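In: Fold the stuff below for me.
(one chain, ligands or ions: 1)
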Amino acid sequence: MRLRSYLLSLLLAANCLSAQAEGLRFALVKTAETETLDAFTVEGGNWTEKVKANHVAVLIQHHAATLLFDTGLGRQVDSQFGNEMPWWDKPLMQYGAVTPARDQLDRDGIRVDRILLSHVHWDHASALADFPEVPVWAPYEEIEFSEIATPPALLPSQFAHGVNWRPFTFLPVPFMGFEESLDLFGDRSLVLVPLSGHTPGSLGLFLTLADGRRFFFTGDASWRLEGFTGPKEKFWVSRKLVDNDREATRAQLQKVHDLLQKETALIVVPAHDAKVQDQLGYYPQWVQ
Ligand SMILES: [Zn+2]
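Out: Next up, the predicted model:
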């Protein structure tokens, strides 16, 4: 009898989760794409093969709020990049034609309630100024990093409008192999976890649809899915340029690698991996 009521409560909890995640959907808003050498993106990569790299914002519609995870390249990226990126870094950081997320969303009357940043690097924070009215959630360490970091990691003009920061700390609640997490709406459909290393307050986002499909947006811990399946670091020149803490970044790659061994259906989405993202499609196409 006790077992039956336990099973019933488990069933109710599962129903409750899917009911709360009902209607949850996301779309990758592609703001730019570029081409680079495979070898620049991942350790042991090919020197003759080219790969596509995207700059996306992830648009997420939950019944409680509409969110943007990262912002992609914004309306002012040419002047931000032109004026503040050191000339010697420019060739490595090139991007293609830009279609800002704000332009794409305004066209359809979509209003964003909250922005979450995987980290504050220039190519993720570029469009903050296009959403000056929207609060931006980030861990304390990352907000502090945004105040002290310098180009090429960060372009100060991107924060000059006065970001409406909402700092937070993770809670000691384990989730998917991470010791700490933050469940955004209390229904486990959108859960942030720390991924510090690439930057001090880098984070990842687990998104679970009502049917159980689970996605893990990993920011720049690795630029390529191969970085986790390997695990493999970035190309050494690239990682020296962009990874704040090599050992911590390696530890995160290993952690996600181990998680993938157990959760074989988990879909890991690195922020710039066009090969992974092409399979999900781009806004106005939704994953739901
Ligand atoms: Zn980055």
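
In: Next up, the contacts around E233.
Out: Going by CB atoms under 8 Å, 6 or more residues apart in numbering, E233 touches V42, E43, G227, R239, R246, T249, R250, L253. Where C-beta positions appear, they are placed from N, C-alpha and C, glycine not excepted.

In: Tell me the backbone dihedrals of the residue in the stretch 51-200 of the chain positioned nearest to the ion, please.
Out: The minimum distance from the stretch 51-200 of the chain to the ion, using CB to the ion, falls at H121 (3.5 Å). Here is the backbone geometry of H121 (degrees, to the nearest 10): phi -50, psi 150.

In: what residues does the stretch 101-250 of the chain put near the ion?
Out: H121, D220 (CB under 5 Å from the ion).

In: quick one, helices of the stretch 101-250 of the chain?
Out: Using DSSP state H, counting those that start in this stretch, the helices of the stretch 101-250 of the chain run over 101-107, 122-125, 140-148, 226-229, 236-242, 246-262.

In: Output the contacting helices and strands for the fourth one.
Out: Translated: helix 226-229. Here helix 226-229 touches helix 246-262, going by 3 or more CB pairs under 8 Å, 6 or more residues apart in numbering; DSSP states H and E.

In: helices or strands up against the very next helix or strand once past the helix it packs on?
Out: Using DSSP states H and E, the helix or strand that directly follows helix 246-262 along the chain is strand 267-269. In terms of contacts (3+ CB pairs under 8 Å, 6+ apart), strand 267-269 is packed against strand 214-217, helix 274-278.

In: Now the most centrally placed residue in the chain: closest residue in space, sequence neighbours ignored.
Out: Nearest residue to the geometric centre of the chain (CA atoms, centre = their mean): G219, 3.7 Å. Of all residues not flanking G219 in the chain, S118 sits nearest, at 2.9 Å (CB to CB, 6 or more residues apart in numbering).

In: Name all residues that make contact with the closest residue in space to F170 that isn't next to it in sequence.
Out: Closest residue in space to F170, ignoring its immediate chain neighbours: E180 at 3.7 Å, by CB to CB, 6+ apart. Counting by CB under 8 Å, 6+ apart, E180 touches F170, L171, P172, V173, P174, V193, P194.

In: where does the closest residue to the fourth one other than its chain neighbours land on pLDDT?
Out: It stands for V173. Nearest-residue entry for V173: S181, 5.1 Å, with adjacent residues in sequence omitted and distances by CB to CB, 6+ apart. If you check S181, the pLDDT there is 98.

In: Next up, the contacts around S181.
Out: F170, L171, V173, P174, F175, V191, L192, V193.

In: what two of these are the furthest from one another?
Out: P174 and L192 (13.4 Å; CB to CB).

In: what about these two, which has more around it?
Out: For the pair P174 and L192, the greater number of neighbours falls to L192 (24 against 11), based on other CB atoms under 10 Å.

In: Show the buried residues in the contacts of E233.
Out: Taking 16 or more other CB atoms under 10 Å as the criterion, what is buried in the contacts of E233 is V42, E43, G227, R239, T249, R250, L253.

In: how near is the first one to F175?
Out: In this structure, V42 and F175 are 27 Å apart, going by CB to CB, to the nearest Å.

In: still on that earlier bit, winner for burial among the helices and strands packed on strand 267-269?
Out: Mean neighbour count (mean count of other CB atoms under 10 Å) peaks for strand 214-217 among the helices and strands packed on strand 267-269, with a mean of 20.

In: tell me the pLDDT at the nearest residue in space to E49 that is not next to it in sequence?
Out: In this structure, E49 finds its nearest non-sequential neighbour in D38, 4.2 Å apart by CB to CB, 6+ apart. As predicted, D38 sits at a pLDDT of 88.

In: Same check on L17?
Out: pLDDT at L17 comes out at 55.

In: for L12, same thing?
Out: pLDDT, L12: 47.

In: Show me where the stretch 101-250 of the chain has its strands.
Out: Ranges of strands in the stretch 101-250 of the chain, per DSSP state E, counting those that start in this stretch, are 114-116, 136-139, 165-168, 182-183, 190-194, 203-208, 214-217.
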